[in-house]
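> this is a predicted model, with the sequence first.
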Amino acid sequence: RLYQMPFEMPDCAGESETRTLHLVGDFSAPAEFFVTLGVFSFLYTMAALVLYLRFHSLYGENKKLPIADFCVTVCFTFFWLVAAAAWGKGLTDVKAATRPTSLIAAMGVCQEEEVVCTAGTTPAMGLANISVVR
């Protein structure tokens with residue numbers, strides 16, 4: 001939810017005054033989907049572990065239970081792939097929205113002819129990139 005993040009921009013009309021700008025974009029849906037699927041996967045894994053260890057005889061005698069377990073596991077695997085791809089796309093969109101050149105282009109004060117705006121440092125996205133690789 002980048003639109004909730006304000007940042008201060010100098011206002012050239014008054015040297016000491018600043019304007020508050022907000023970033024553009026809401027890329028929270030892919031991250032929420034990824035985390036929700038992770039929580040449901042964890043809960044299903046714990047339930048399956050209890051079933052395997054505590055009710056092993058029921059699992060072995062009932063022929064439909066292993067097939068149902070396999071189908072649920074395949075569904076979780078497919079949704080995990082979709083969630084990882086969605087999170088990767090969401091991260092790419094966040095990077096594009098927070099790129100210093102994009103932010104400078106959005107600042108009206110930087111559009112004037114005699115003003116030269118340069119980006120400071122680029123944001124560190126290493127840990128975010130690692131979260132997609134996992």
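Okay, I see it. Residues are numbered from 1 along each chain as shown.
> contact partners for the residue most central in space within the chain?
For the chain, the residue nearest the mean C-alpha position is residue 31 (3.5 Å; Cα atoms, centre = their mean). By Cβ atoms under 8 Å, 6 or more residues apart in numbering, the residues touching residue 31 are 87, 90. Yep, even glycine has a C-beta here, placed from its N, CA and C like the rest.
> okay, it and residue 86: tell me how far apart.
Residue 31 sits 9 Å away from residue 86, going by Cβ to Cβ, to the nearest Å.
> what about residue 90, how many neighbours?
21 (other Cβ atoms under 10 Å).
> quick check: it touching residue 27?
Yes: using Cβ atoms under 8 Å, residue 90 is in contact with residue 27, at 4.6 Å.
> for the nearest residue to residue 123 once chain neighbours are set aside, give me phi and psi.
In this structure, residue 123 finds its nearest non-sequential neighbour in residue 98, 5.9 Å apart by Cβ to Cβ, 6 or more residues apart in numbering. Main-chain torsions, residue 98, degrees, to the nearest 10: phi -110, psi 10.
> and the gap between residue 98 and residue 73?
37 Å.
> can you pull the phi/psi pair for residue 27?
With angles defined as degrees, to the nearest 10, residue 27 sits at phi -110, psi 30.
> my read: it touches residue 98, true?
No: the criterion here is Cβ under 8 Å, and residue 27 misses it with residue 98 at 10.2 Å.
> okay, and for this structure, where does confidence drop off?
Within the chain, the stretches with pLDDT under 70 are 1-5, 7-19, 22-24, 106-109, 119-121, 127, 129, 131-134.
> for it, which segments are assigned as helices?
All helices of the chain, identified by DSSP state H, fall at 28-54, 56-61, 64-97, 100-106, 126-133.
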